[in-house]
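K.L.:
whatever this is, show me its structure:
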Amino acid sequence: MIEIDVRHRLAHAEIDAAFSAGPGITALFGRSGAGKTSIINMVAGLLQPAQGRIVVDGEPLFDSERGVCLPVHKRRIGYVFQDARLFPHLTVSQNLRYGRWFRARGTTAGEMERVLDLLDIAPLLRRLPAHLSGGEKQRVAIGRALLSAPKLLLMDEPLASLDERRKQDILPYIERLRDEMRLPVLYVSHALAEVARLADTIVLISRGRVEASGPPADILARTDLFPLTGRFEAGAVLECTIAGHDGDSGLTRLESAAGELLVPRLDIPAGSMVRARIRARDVMLATRKPAQLSALNILSARVDTVRDDPPFAEIGLSAGDATLLARITSRSLHALGLKPGRRVYAVIKATTIEHGAPARTRR
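P.N.:
Numbers count the residues shown, from 1 in each chain. Below is the predicted model:
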């Protein structure tokens with residue numbers, strides 16, 4: 001368990017943040033300049049808070065009242081920066097082995113093999129950083145951090161310098177890290193789609209303060225947080241099971257708390273868990289069950305909440321045991337006569353549902 005309660009005045013902002021984090025990925029999400037990187041730099045020991053306390057697994061790393069401030073090299077924290085920061089004159093193998101100097105005991109062959117397999121970097125061992133792609137460099141940087149045997153991993157915008165293709169290449173490796181290593185990770189990002197896919201918990205930071213924290217499904221569905229999370233990317237996050245594949249149509253069936261969903265075929269075995277994200281702007285509503293549509297997903301739902309802010313309206317829905325969010329125009333809201341308690345059908349195109357790689361069974 002990680003406990004953070006820090007206060008510090010910077011030239012551009014004042015940090016006053018308190019939150020806790022467990023195993024898995026805790027994403028510090030907010031706009032640029034919100035104070036996210038400053039907070040994890042305090043955890044790393046690169047920036048000393050004016051006041052507060054930072055505790056990892058019961059060990060205080062910083063405590064202003066007790067006069068405790070462990071030096072960086074004694075904190076057993078791995079740090080992955082936005083740029084990989086590999087040593088250019090060392091091979092991948094040598095960069096990885098550099099991490100072992102920061103651990104209490106030597107790296108075993110089994111530990112090295114596990115990291116190489118987790119990140120698929122064994123074929124890169126003899127290369128110099130100059131001959132790696134941006135995504136490969138970040139995978140090596142993550143491996144180096146893991147081989148230092150950290151109690152906590154910090155990742156500061158690790159995908160920000162990558163193009164969209166490279167981001168999609170590396171995301172599955174971060175998901176494997178989340179699901180297989182069971183290592184607490186503080187992950188800084190201002191990309192909502194990224195944290196919706198990766199995070200177990202989102203801590204929403206604005207102007208140095210924690211505005212909200214909780215599971216992605218809860219945070220992204222809260223209409224009161226739209227000024228901070230953004231209307232455009234808001235929506236629902238569902239934990240799903242692969243129910244099966246239809247070879248003829250090229251579709252995969254997902255079982256979710258909202259009902260069955262059809263998506264383009266996923267190369268994932270039946271029975272695996274995936275995380276699906278349905279954006280509010282991709283949900284259409286009908287008061288009668290539609291027929292002869294190209295959209296394949298039609299879910300029965302009930303209107304729970306209505307937030308009318310012309311020209312748009314956000315509609316909170318209960319579909320089965322799940323919560324969905326729809327964004328429609330105010331004109332459509334009034335034309336359909338939508339009010340809390342009204343039964344509707346949520347219509348979602350299969351091609352708009354985003355998904356992540358297999359995720360562990362949630363706590």
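
K.L.:
got the domain boundaries for this structure?
P.N.:
In terms of domains, the chain is parsed into 2-214, 236-355 (source: automatic domain parsing).

K.L.:
for Gly244, give me its contacts.
P.N.:
By C-beta atoms under 8 Å, 6 or more residues apart in numbering, Gly244 lies in contact with Thr252, Arg253, Ala270. C-betas here are computed from N, CA, C, even on glycine.

K.L.:
sort those by pLDDT and name the bottom one.
P.N.:
Here the lowest pLDDT out of the contacts of Gly244 sits on Ala270, with 93.

K.L.:
hmm, back to that, let's have the domains of the chain in a markdown table, adding distance to Ala221.
P.N.:
Shown next, in a markdown table, are those (distance: least, C-beta to C-beta, whole Å):
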| stretch | distance to Ala221 |
| --- | --- |
| domain 2-214 | 10 |
| domain 236-355 | 5 |
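
K.L.:
relative to Leu225, which of the ones you listed is closest?
P.N.:
domain 2-214 (5.9 Å; C-beta to C-beta).

K.L.:
circling back: out of the contacts of Gly244, who's nearest Leu299?
P.N.:
Arg253 (13.8 Å).

K.L.:
can you tell me which of the domains of the chain the model trusts least?
P.N.:
domain 2-214 (a mean of 92).

K.L.:
now do the end-to-end distance for that one.
P.N.:
Domain 2-214 stretches 15 Å from its first residue to its last (C-alpha to C-alpha, to the nearest Å).

K.L.:
can you check stretch 313-331 too?
P.N.:
9 Å.

K.L.:
can you check stretch 41-61 too?
P.N.:
12 Å.

K.L.:
tell me which residues in that stretch are buried?
P.N.:
For stretch 41-61, the buried set under the neighbour-count rule, 16 or more other C-beta atoms under 10 Å, comprises 41-45, 47, 49, 52-56, 61.

K.L.:
among the residues you listed, which lie within helices?
P.N.:
Judged by DSSP state H, those include Asn41, Met42, Val43, Ala44 as members of helices.

K.L.:
now do the phi/psi pair for the closest residue to Lys151 other than its chain neighbours.
P.N.:
Nearest residue to Lys151 in three dimensions, chain neighbours excluded: Arg76, at 4.8 Å (C-beta to C-beta, 6 or more residues apart in numbering). Main-chain dihedrals, Arg76, degrees, to the nearest 10: phi 50, psi 60.

K.L.:
ok, Arg76 to Glu233 distance?
P.N.:
Counting by C-beta to C-beta, to the nearest Å, the gap from Arg76 to Glu233 is 35 Å.

K.L.:
hmm, Asn142 is touching Arg178, no?
P.N.:
Quick fix: residue 142 reads Ile, not Asn. No: contact criterion C-beta atoms under 8 Å: Ile142 and Arg178 do not qualify, at 11.6 Å.

K.L.:
ok, the residue nearest to Asp309 when sequence neighbours are not counted - contacts?
P.N.:
The shortest distance from Asp309 to any non-neighbouring residue, by C-beta to C-beta, 6+ apart, is to Ser330 (7.8 Å). Contact analysis of Ser330 by C-beta under 8 Å, 6+ apart lists Asp308, Asp309, Pro310, Pro311, Phe312, Ala313.

K.L.:
columns distance to Cys240 on top of the buried residues of stretch 41-61, output as TSV?
P.N.:
Below are those laid out as TSV (distance: C-beta to C-beta, whole Å):
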residue	distance to Cys240
Asn41	36
Met42	37
Val43	33
Ala44	35
Gly45	40
Leu47	40
Pro49	41
Gly52	39
Arg53	39
Ile54	36
Val55	35
Val56	33
Leu61	38
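
K.L.:
among those residues, which one sits closest to Ser20?
P.N.:
Once C-beta to C-beta is applied, the member of the buried residues of stretch 41-61 that ends up nearest Ser20 is Val55, at 9.1 Å.
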